[in-house]
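1. need the 3D shape of this:
(chains A and B)
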Amino acid sequence: MGEWWTAVPTETSMGSYEISSISHVTMSPSRQNNLMSMYSSAGLSKSSYSVISAFCTEDNIPQCISYISQELASLGLSSTCIKASSPGGAGLDTVPALNAMYELLQIHRRNMCTLEELEKEQLKKSNTLEQMQMSNSRLKDQLELSIREKSGLHETERQLHLKIKTLQSCLKTEKDEVQKLQSIIASRASQYSHDAKRKEREAAKLKERLSQLLVERRDKKLAIDVLNSLGRSDGKRSHWKTTKVTASHEDEMYKSLLSDYEERQRALMLENTELKKVLQQMKKEMIHILSPCQPSTRGATAEDSQADSDGEEKAGDSSREMLDQSCEHAREQLTNSIRQQWRKLRSHVEKLDNQASQVQNEMESNNEVIPKEIHEDEMEKMRCEVQQCKEFIHTQQLLLQQQLNTSFDDETAALLNDCYTLEEKERLKEEWKLFEEQKRNFERERKNFTEAAIRLGREKKAFEEDCASWLKNQFLNMTPFTDRRSCSSSDGQSALSIRSEPEMRMSSTKAQLAKSLTYATVSTPKPTQSASVPSTAELYRTLRLMPDSRYYLVT
Amino acid sequence: MNFSELFKQSNQLCKVSPDGKYLATCVQYRLVIRDVSTLQILQLYTCLDQITHMEWASDSLFILCAMYKRGLVQVWSLEQPDWHCKIDEGSIGLVSSRWSPDGRHILNTTEFHLRITVWSLCTKAVSYIKYPKACQKGTDFSRDGCYMALAERRDCKDYVSVFVCDDWHLLRHFETETQDLAGLEWSPNGCVLAVWDSCLEYKVLLYSLDGRLLSTYSAYEWSLGVKSVTWSPSSQFLAIGSYDEKVRILNHITWKKIAQFDHPATINNAKAVVYKEVERRTAVGSDDLSLHNITIGTTLFNTQSKYEICPLPVQIPVVKPDPDRANPKIGVSTLAFSSDSRYLATKNDNMASVVWIWDMQKMNLEAVLEQTSAVRCFQWDPRRPRLALCTANTKLYLWSPAGCVSVQVPTEGGFQVQSLSWHGSGDSLILLGKEQLCLCFMDTDQEDK
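-> Numbering: from 1, shown residues only, chains lettered A, B, ... in the order given. Alright, predicted model coming up:
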């Protein structure tokens, strides 16, 4: 019973946790107890009493009352509110309370009834559900079974159909055969009837003839009327029929038969030998074809050679046997060896075919391989080139030969040689001349240069001397009021003195240079030898100036 | 090609002598002997009644003329026209008469095939052979003329008797394993006798000269069987034509089938050449239809024809025979080997206007000749592989491996070639019409080519 407990919703609006908890906690046992009280109209048990006492105590009676009245109002009961007998009192109006209680009881009873009914119904429903499920599963099984059965039946039906078809075709063939047999029977019957009729007609004619003969008196005898007997066609006389004659006839017959057989046998022998020869030849040729083409298969060639040796043996044998013509063994050997060779040849040809097809496939699939035409074109070109080269080489060779094999005399050869060397000599001489000339020119120039250099040296010396003298004169000519100038100049002088040397040198060189310039005939300006000499550009400048300034100085 | 003028003949009796010098023709009751090359009449004999059968003796000196209705046989001599011989069979009647190979005996078959009477012209003696069988081919002489094979039937069983033609001594007599023996034939070398059953059972038996059974051949059961049998001139092959429109070739060593030739309605064989005769009617304007032109120009009715080579596949016209009638017109009825055994010509009865030529070396179809009407007769040239055939019209057709030609027979009066036969030398052909005959001389220059 406890299982089917469906929780009655406790709509406790009271937020008091204790009360709800208490009510929640206490529901279950009170529930059972309530049920028990339904069946036994016993009052509340002590436990419930203790529960109720837990809800309402003597302190909170009015609250409880108000709460209960609220609850009752919320439940929709008649609003004979439970009120206190006296406000704020601990008493209770008994009548409404009892009414309320009664109503509650009623409600409770009704609820229990409905609950029971529901439970019953639920049970029923669950039962039916169970039943349905069971039946469902059972039906499913049945369905599966029936489906399987159906497929099985389909299968059998199909097989039966097939069987029917085959039987029908058999029937058809049988019918055809029956028809054919019937037609045969019909034709035979017609033939029989025709023959029978013919025989009957003949019998009738015979009977008629017989009766005619019996009636006829005159019997025409058969006779021969010959003018004169003829001689035998072969001119001989006829013989008496004796046993010797009959024996001779038999002999004749057997002779003719035997001669015919011998003739036939001869022909067959000839044919046989011919065929054997052909087979031998074929075998030899096959061996020949197979042996050089199969260097890898050593075993095969060994076999071949063995077979060949066998064949040769057998050839010798068979030639003997041809005479005997009785040995089947030799014949079998020959045919077996031929078959063997033929098989080998066939396998070889098949291999070649496969190889050829493989190569073909490779060629088709391989893109790098150039197609045949281009290949051929190139081959042609190469051939042409080769031809040309050959021709070229040939002509070269010819010429060389011609050259080498010149049929000149020794004299003319020597002369020719001399001519060539003479030419060379003359050329050499000319070159020497040129060389000598140039050498001379160079010498001359060198002389000039040295002369010029010597002159330049002398002039340089002279110029230095001049400079020194001039400077001396100047120094000596200088006045004291030209101190400033002299200071500067003294500085200059001192400097000059200090610098005099270089100045002097400078000036001397300038002079020299000027001189050299005046005297210089050499066009090429030569750089001065001393290191401390200023650059040529300055020199030129000064030199240009110098002659002017020198003139000034001089004047 | 030269054609002679027309001569009269009756009963299609016109034969060249075995030595090839004379031509004998029968006109009603007269026997006319002509020279073959000049066609001049050399001799003329008169018989007692209309001649129904005429045959040269093997030495070309005598001719027998049989008159079956009267039961008489008259023999004439070429050398001595005065000589005469008359054989009267009496009341017993006469059904067939023939020479023996030596030319001195005459074999007469009585009515109802009661017996064969052997008359000797040398001794005037008579011998009888009892119980001869009445069948398609009951007697056959070997080619060398030594032996005669005779089919007999006694107590519902078939027997074969082998006689020595010299003195008619019975050499062998044996029973054959046939239901109803239809025919027998010696091989050209004279050592093997082929015996075949009636069409109700396909069975071909091969007996050696001394009577031993060499082999039996049966292609199938129950359906109608053998229709025709022929040996190749070299004795190598035996060709059997049957009602199932096939020819089966047996070889002489194993007596087993080595080839089978079918005659299908659609020819697809790429190696075969199909010649089709195509007729061209000469166009005649309406103003030409004067009486003068009609009487003189019988070429109005003569249609030119030539052969055209048809591209494959070719459909052959087939005539379905009446299934209820006996001996239906279906199956290979005529077989002929060329003289060198190289070619075999066949005719299938339900394709009556077509002649099939098979190459025996390659064992396949060589040529097919489709004519405009049913082929009546064909025969190979005795010397070379050349086939002559006729279809009961005014033309003569010749086939050789080189080609095919259609020749108009330049005669008046609507001469229709019903049958033909070659002269032994292969130089000329005898064309037989209904009442007339014509000789055709082949051009020897062409033959050399």
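2. what residues are up against residue B:79?
-> Neighbouring residues of residue B:79 by C-beta atoms under 8 Å, 6 or more residues apart in numbering or on different chains: residue B:61. C-beta: built from backbone N, CA, C; applies to glycine.
3. and it, that's in a helix?
-> No - with DSSP: H, G, I helix; E, B strand; the rest coil as the criterion, residue B:79 is assigned coil and is not in a helix.
4. find me the pLDDT at it, would you?
-> Confidence at residue B:79, expressed as pLDDT, is 89.
5. check the one 10 residues further on too.
-> For residue B:89, the model assigns a pLDDT of 87.
6. give me the nearest residue to it, chain neighbours excluded.
-> What sits nearest to residue B:89 in space, not counting adjacent residues and going by C-beta to C-beta, 6 or more residues apart in numbering or on different chains, is residue B:71, at 4.2 Å.
7. tell me the contacts of the one you found?
-> Shown in contact with residue B:71 (C-beta under 8 Å, 6+ apart): B:88-94.
8. try 10 Å this time
-> By C-beta atoms under 10 Å, 6 or more residues apart in numbering or on different chains, the contact set of residue B:71 is A:220, A:222, B:49, B:87-95, B:97, B:108, B:110-111.
9. for residue A:108, see how far away it is.
-> Relative to residue A:108, residue B:71 is positioned 151 Å away (C-beta to C-beta, to the nearest Å).
10. check residue A:246 too.
-> 151 Å.
11. what of residue B:23?
-> 153 Å.
12. and those two? Which one has more around it.
-> Each of residue B:23 and residue A:108 has its neighbours counted (other C-beta atoms under 10 Å in any protein chain shown); residue B:23 has more, 24 against 13.
13. pull up the pairing partners for the strand or helix carrying the more buried one, direction included.
-> Using DSSP states H and E, residue B:23 sits in strand B:22-27. Using DSSP bridges, the strands paired with strand B:22-27 in its sheet are strand B:14-16 (antiparallel), strand B:30-35 (antiparallel).
14. and of those strands, who's closest to residue B:269?
-> Between residue B:269 and the strands paired with strand B:22-27, the shortest gap by C-beta to C-beta is with strand B:14-16, which sits at 37.1 Å.
15. from the chain's centre, how far out does that closest one sit?
-> Here strand B:14-16 is found 13 Å from its chain centre; the criterion is C-alpha atoms, centre = their mean, to the nearest Å.
16. quick one, domains of chain B?
-> Following the assignment in the TED database, chain B carries domains at B:1-130, B:135-262, B:264-282+B:303-320+B:329-408.
17. end-to-end on the longest one?
-> It refers to domain B:1-130. End-to-end distance for domain B:1-130: 50 Å, by C-alpha to C-alpha, to the nearest Å.
18. can you count the residues close to the nearest residue to residue B:237 once chain neighbours are set aside?
-> Counting by C-beta to C-beta, 6+ apart, residue B:237 lies nearest to residue B:249, which is 5.1 Å off, once chain neighbours are set aside. Neighbourhood size, residue B:249 [other C-beta under 10 Å]: 19.
19. one more: the one 3 residues further on?
-> Burial of residue B:252, expressed as a neighbour count using other C-beta under 10 Å, amounts to 19.
20. quick one: residues contacting it.
-> A:264, B:187, B:189, B:191-192, B:206, B:214, B:231-232, B:234-238.
21. can you redo those as a markdown table with pLDDT and secondary structure?
-> Listed next are the contacts of residue B:252 as a markdown table, based on pLDDT from 0 to 100; DSSP: H, G, I helix; E, B strand; the rest coil:
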| residue | pLDDT | secondary structure |
| --- | --- | --- |
| A:264 | 89 | helix |
| B:187 | 95 | coil |
| B:189 | 91 | coil |
| B:191 | 92 | coil |
| B:192 | 94 | strand |
| B:206 | 96 | strand |
| B:214 | 94 | strand |
| B:231 | 96 | strand |
| B:232 | 95 | coil |
| B:234 | 92 | coil |
| B:235 | 92 | coil |
| B:236 | 92 | coil |
| B:237 | 94 | strand |
| B:238 | 96 | strand |
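22. where in the stretch 201-350 of chain A is pLDDT low?
-> A:218-220, A:233-239, A:241, A:293-327 (pLDDT under 70).
23. hmm, try it at 50
-> Counting by pLDDT under 50, the stretch 201-350 of chain A contains low-confidence ranges at A:296-316, A:321, A:323, A:325-326.
24. quick one: the strands in it?
-> Using DSSP state E, counting those that start in this stretch, the strands of the stretch 201-350 of chain A run over residues A:223-226.
25. so where do the helices sit in it?
-> Under the criterion DSSP state H, counting those that start in this stretch, the stretch 201-350 of chain A contains helices at A:243-293, A:298-324, A:328-365.
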